[in-house]
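1. how does the following fold in three dimensions:
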Amino acid sequence: MLKHKLRKVSAILLTVFLLASVWSAGAFAASADEVVLTVFHTNDQHGRMGAAPYVSQLAKDTAGNVLILDVGDALHGQIATNLSKGLAMVEVMNIAGYAAMAPGNHDFNFGFERLLELSKTMQFPLLSANVKRANGETLLQPYEVIKMDNLTVGILGLSTPETLTKTDPRNVTGLTFASPSAIAAETVAALQNEGCDLIIALAHLGTDNATSPDERSTALATIPGVDLIIDGHSHTRLESGNVAGDVLTVQTGAYGENIGMVTFTKIGDAFEKTAKLIPVPGPEDESDLVADQAVLDIIAEWEAQNESLVSHVVGESAYFLQGERSAVRIAETNLSNLIADSMRFATGADVAFLTGGNIRASIEAGDITMGDVLTTLPFSNLLMTVELSGADLLKVMEHGVSLYPEPAASYIQVSGMSFRFDPAAPAGSRVVSAFVGGEALDSAKVYTVASSEFLVAGGDGYTMMTEGKNTMYFQGDAEALADFLATKPTILEEAEGRVSVIESDAATLPAETPAAAAPTPEAIVRPVPPIAVDAVYVVKSGDVLWRIAQSYGTTWQELQRINNLANPHLIYPGQMIILPSGAAQSAA
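-> Numbers count the residues shown, from 1 in each chain. Predicted structure coming up:
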């Protein structure tokens with residue numbers, strides 16, 4: 001009897017203890033100032049693996065619920081990722097401990113079938129709710145629900161509809177990209193029905209002005225139920241994120257230069273969100289960040305496989321070759337000219353063009369290795385030639401500057417042709433004068449045009465290229481540049497003025513027609529009112545503007561003004577400098 005009573009008392013005490021423990025745990029979960037989730041995030045790494053060892057170790061060293069998430073454009077862009085068709089990056093992300101990823105436009109660069117193959121090797125879900133097959137089914141898993149300690153997190157993925165033109169269109173044949181905001185609203189409702197406490201959108205959408213407003217990440221901030229938008233695509237650096245209502249939007253910039261960190265703190269029934277960026281140290285930087293050795297080891301294995309190829313010297317340059325995104329998407333550079341020239345050299349075409357989006361890195365002065373070339377031109381595009389009428393070639397030029405002055409991947413870089421445009425004119429009617437081989441562009445003449453297979457297929461909005469006839473294929477763009485460098489071409493320190501801007505507040509200028517050439521009636525030269533001109537000076541090798549001005553009794557500032565020179569240091573042999581009325585060459 002006594003034993004029975006003791007058992008009964010023990011059972012009651014045990015029940016009380018368990019209830020107290022449950023109440024205590026519940027009270028702790030709801031207590032103020034408790035961090036209930038830490039999210040580390042990356043975006044637009046473009047094949048660079050440098051952030052992975054650090055984000056992996058940060059996650060391991062952080063207590064509580066932790067997620068590592070990526071917002072795409074990770075699987076392509078550097079030598080190891082390109083040669084392995086994305087596998088190298090997947091293996092690194094697997095070891096680093098990523099929990100989910102949404103694909104960006106460049107993750108389709110090897111074709112969507114290859115992306116599906118890679119998704120099967122990922123130890124985390126690849127999410128996109130708005131990429132659809134022709135039959136309406138989603139290509140990838142739309143969302144993931146992750147149950148953690150006292151927390152259920154819903155994660156959805158979204159991919160930019162610009163993928164249709166910002167990868168080779170053939171890579172996404174048969175796919176459609178539905179409205180991100182409409183699909184997000186449906187997906188958020190589904191996640192709420194699954195009892196998610198927090199909902200995170202992995203949105204490779206960006207905030208570029210050139211992107212349709214309903215396809216930017218900002219369109220997601222009005223959707224009820226979204227707590228965090230991890231953005232990508234526009235390479236925007238948000239130090240502490242942007243807050244709109246209850247929604248926090250974050251983005252790290254690009255190229256693995258930063259790791260994003262977001263903390264969720266439970267305050268009563270609500271979550272407080274804070275964000276910051278953690279700079280990733282370079283090889284020579286001092287930092288307190290610790291790298292995960294296991295991730296470093298797998299990166300070293302991939303790099304060793306390609307060492308003999310990337311270290312091979314293919315040429316040299318006395319000057320820094322400018323290929324930064326901020327430069328080549330809004331202006332001509334010495335590197336863009338070099339690449340365009342290599343395309344014309346490889347194909348024998350009348351003209352060649354590429355876009356700022358094709359160029360992904362600068363090249364330092366000195367020896368140029370194959371690794372440098374592959375880093376600058378990572379897309380493995382074959383070169384092609386097509387025959388276009390002068391009228392269609394004008395459309396190419398117009399499209400190439402249609403978004404100016406907004407930086408754009410579609411900004412045109414050229415060889416064998418030159419043109420001036422007026423940014424104050426409506427898009428599609430901006431080109432004032434255009435020349436091929438020093439002669440005015442003839443609308444009826446047929447020209448052989450070299451470009452990449454991406455652009456010939458209508459990429460970056462160059463749909464007029466699909467009208468080309470007699471297409472021919474050549475070597476890859478990187479191989480063409482390497483071969484051209486081996487010929488020791490003349491490399492200039494600055495750009496040459498192949499594409500020049502007429503400032504809206506400057507006097508309009510006469511066409512740069514060589515003295516012996518007059519436009520035919522079909523020539524495409526839009527007339528502009530002339531200024532008073534007595535003579536022109538043809539630039540010779542070694543000329544500088546101030547010396548020309550001195551020779552004609554004027555100033556370099558005056559020559560810059562009447563010639564509308566954006567940079568007075570950028571003049572090139574054969575360029576015609578307009579001299580002011582009354583100017584005469586001095587004895588000096």
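
2. ok, residue 503 touching residue 564?
-> Yes - at 6.0 Å, residue 503 counts as touching residue 564 under the criterion of CB atoms under 8 Å. All C-beta atoms are positioned from the backbone trio N, CA, C, and that covers glycine.

3. do me a favour and get the end-to-end distance for stretch 397-409?
-> 14 Å (CA to CA, to the nearest Å).

4. can you point out the buried residues in it?
-> Of the residues in stretch 397-409, 397-404, 407-409 count as buried by neighbour count, 16 or more other CB atoms under 10 Å.

5. let me have those in CSV, adding pLDDT as columns.
-> Formatted as CSV, those follow (pLDDT from 0 to 100):
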residue, pLDDT
397, 98
398, 97
399, 97
400, 97
401, 97
402, 95
403, 95
404, 95
407, 94
408, 95
409, 94
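
6. of those, closest to residue 171?
-> Using CB to CB, residue 409 is the member of the buried residues of stretch 397-409 that sits closest to residue 171, with 15.6 Å.

7. residues in contact with that closest one?
-> Shown in contact with residue 409 (CB atoms under 8 Å, 6 or more residues apart in numbering): 166, 329, 355-357, 460.

8. in strands only, show me these.
-> The strands, defined by DSSP state E, take in residue 355 from these.

9. include distance to residue 385 when you put the contacts of residue 409 into CSV, please.
-> As requested, these are exported to CSV (distance: CB to CB, whole Å):
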residue, distance to residue 385
166, 23
329, 25
355, 17
356, 21
357, 20
460, 18
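
10. now do residue 195 against residue 222, distance only.
-> Plainly put, residue 195 is 23 Å away from residue 222 if you go by CB to CB, to the nearest Å.

11. oh, that last question was meant for residue 279, not what I typed.
-> For residue 279 relative to residue 222 (CB to CB), the value is 32 Å.

12. residue 464 reaches residue 399, doesn't it?
-> Yes - applying CB under 8 Å, one finds residue 464 in contact with residue 399, separated by 7.1 Å.

13. follow-up on the earlier one: minimum pLDDT in the contacts of residue 409, which residue is that?
-> Ranked by pLDDT, the contacts of residue 409 bottom out at residue 166 (84).

14. tally of neighbours for it?
-> Residue 166 has 24 neighbouring residues, counting by other CB atoms under 10 Å.

15. list the contacts for it?
-> The contact partners of residue 166, by CB under 8 Å, 6+ apart, come to 105-106, 160, 357, 409, 459-460.

16. domain map for this structure?
-> 30-304, 310-529, 531-588 (automatic domain parsing).

17. least confident of the ones you listed, on average?
-> In terms of mean pLDDT, the lowest-scoring of the domains of the chain is domain 531-588 (a mean of 67).

18. please, where are all the strands along the stretch 201-350 of the chain?
-> Ranges of strands within the stretch 201-350 of the chain are 228-231, 242-244, 247-250, 258-267, 270-279, 313-317, based on DSSP state E, counting those that start in this stretch.

19. beta partners of the closest residue to residue 400 other than its chain neighbours?
-> Leaving aside its sequence neighbours, residue 400 sits nearest to residue 412 (CB to CB, 6 or more residues apart in numbering; 2.5 Å). Counting by DSSP bridges, residue 412 is bridged to residue 355.

20. residue 412 and residue 55: what is the separation?
-> Residue 412 sits 37 Å away from residue 55, going by CB to CB.

21. try residue 143
-> Distance of residue 143 to residue 55, computed by CB to CB: 22 Å.

22. which of these two has more neighbours?
-> Comparing residue 143 with residue 55 by other CB under 10 Å, the one with more neighbours is residue 55, at 29 against 24.

23. surely the more buried one meets residue 68?
-> Yes - counting by CB under 8 Å, residue 68 is a contact partner of residue 55 at 5.7 Å.

24. any idea how far residue 326 is from residue 165?
-> For residue 165 relative to residue 326 (CB to CB), the value is 21 Å.

25. what of residue 353?
-> Going from residue 353 to residue 326 by CB to CB gives 20 Å.

26. neighbour count winner among the two?
-> The neighbour comparison of residue 353 against residue 326 (other CB under 10 Å) goes to residue 353, with 28 against 11.

27. which residues touch residue 394?
-> Residue 394 makes contact with 431, 434, 441, 443, 524, according to CB under 8 Å, 6+ apart.

28. tell me which two of those sit farthest apart.
-> 431 and 443 (11.9 Å).

29. between these two, which is the more surrounded one?
-> residue 431 (23 against 17).

30. and the strands in the stretch 51-200 of the chain?
-> For the stretch 51-200 of the chain, the strands defined by DSSP E, counting those that start in this stretch occupy 66-70, 100-101, 131-132, 143-148, 151-159, 176-177, 198-204.

31. which one, of those strands, ends up nearest to residue 392?
-> Comparing the strands of the stretch 51-200 of the chain against residue 392 with CB to CB, the closest turns out to be strand 176-177 (27.5 Å).

32. quick one: strands adjacent to the closest one?
-> Partners of strand 176-177 in the sheet, by DSSP bridges, are strand 131-132 (antiparallel).

33. how long is stretch 416-426 from one end to the other?
-> 26 Å.

34. quick one: distance of it to the chain centre.
-> Relative to its chain's centre, stretch 416-426 lies at 24 Å (CA atoms, centre = their mean, to the nearest Å).

35. do stretch 413-428 as well
-> Worked out by CA atoms, centre = their mean, stretch 413-428 lies 22 Å from the chain centre.

36. just the closest of the contacts of residue 166 to residue 283, please.
-> residue 106 (24.7 Å).

37. how many other residues sit next to that closest one?
-> By the measure other CB under 10 Å, the count of residues near residue 106 is 26.

38. now do residue 37
-> Residue 37, neighbours per other CB under 10 Å, totals 25.

39. what of the one 5 residues further on?
-> Using other CB under 10 Å as the criterion, residue 42 is surrounded by 29 other residues.

40. now do it against residue 199, distance only.
-> As judged by CB to CB, residue 42 and residue 199 stand 20 Å apart.

41. same question for residue 420.
-> Distance, residue 420 to residue 199, using CB to CB: 51 Å.

42. what of residue 261?
-> As it turns out, when the distance is counted by CB to CB, residue 261 lies 19 Å from residue 199.

43. the more surrounded of the two?
-> Neighbours of residue 261 and residue 199, each counted by other CB under 10 Å, are more numerous for residue 199; the result is 25 against 19.

44. ok, that one to residue 222 distance?
-> For residue 199, the distance to residue 222 equals 14 Å [CB to CB].

45. can you check residue 92 too?
-> Remark: distance between residue 92 and residue 222 (CB to CB) = 36 Å.

46. of those two, which one has the most company?
-> Per other CB under 10 Å, whichever of residue 92 and residue 222 has more neighbours is residue 92, with 25 against 12.

47. quick one: residues contacting the more buried one.
-> Contacts for residue 92 (CB under 8 Å, 6+ apart) come out as 49, 52, 295, 298-299, 302.

48. 6 Å instead?
-> For residue 92, the contacting residues are 49, 52, 298, by CB atoms under 6 Å, 6 or more residues apart in numbering.

49. can you tell me which of those end up in helices?
-> Counted as lying in helices by DSSP state H, out of the contacts of residue 92, are 52, 298.

50. rewinding a little: scan the contacts of residue 166 and report the most crowded one.
-> Using other CB under 10 Å as the neighbour criterion, residue 160 leads those with 29 neighbours.

51. what's near enough to touch that residue?
-> When contacts are counted by CB under 6 Å, 6+ apart, residue 160 touches 105, 204-205, 233.
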